[in-house]
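Engineer: no sequence on this one, just coordinates:
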């Protein structure tokens, strides 16, 4: 077993270094906004259930807007490279549309 671990470590060290995944930034945004949502929903705070729900929806809308900005940034980066990644751009554009639409729907629900 120890030899297996040593072999695995040697294999990983010999492998070429990969560039950071662009979605890591999205994950950081998700983590930060998840913490903000948990704070907004904290039952120890002096807010009514409706106020907490409204705060959670606003925070979730903020999340999707941040994800949409991050997705747009990834699309722009893909377009700036010398080799165009059409399939990736298509997937990211679809993701951007979903994130933007979700944020808009949440904002509309909050204002009603």
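Structural biologist: Now that the structure is in, tell me what you want to look at. Keep in mind that this is a model prediction, so the values were computed, not measured. Numbers count the residues shown, from 1 in each chain.
Engineer: span of stretch 70-88 from start to end?
Structural biologist: Distances were taken as Cα to Cα, to the nearest Å; on that basis the terminal residues of stretch 70-88 are 14 Å apart.
Engineer: how about the helices of this structure, start to end?
Structural biologist: Remark: helices assigned in the chain by DSSP state H are 2-14, 23-40, 49-80, 86-111.
Engineer: any idea of the angle the third one forms with helix 86-111?
Structural biologist: Interaxial angle, helix 49-80 versus helix 86-111 (axes from the mean of the first three to the mean of the last three Cα atoms, to 10 degrees): 160 degrees.
Engineer: elements contacting helix 49-80?
Structural biologist: With contacts defined as 3 or more Cβ pairs under 8 Å, 6 or more residues apart in numbering; DSSP states H and E, helix 49-80 has these neighbours: helix 23-40, helix 86-111. C-betas here are computed from N, CA, C, even on glycine.
Engineer: and those helices, which one averages the lowest pLDDT?
Structural biologist: The stretch with the lowest average pLDDT out of these is helix 23-40, scoring a mean of 62.
Engineer: any idea how far residue 97 is from residue 104?
Structural biologist: As judged by Cβ to Cβ, to the nearest Å, residue 104 and residue 97 stand 11 Å apart.
Engineer: swap that for residue 109, sorry
Structural biologist: 19 Å.
Engineer: same check, this time on residue 106
Structural biologist: For residue 106, the distance to residue 97 (Cβ to Cβ) stands at 15 Å.
Engineer: more neighbours: these two, which one.
Structural biologist: Residue environment comparison for residue 106 versus residue 97 gives the larger neighbour count to residue 106, 20 against 12, counting by other Cβ atoms under 10 Å.
Engineer: pretty sure the more buried one is touching residue 62, no?
Structural biologist: No - Residue 106 sits out of contact with residue 62 when judged by Cβ atoms under 8 Å, with a separation of 9.1 Å.
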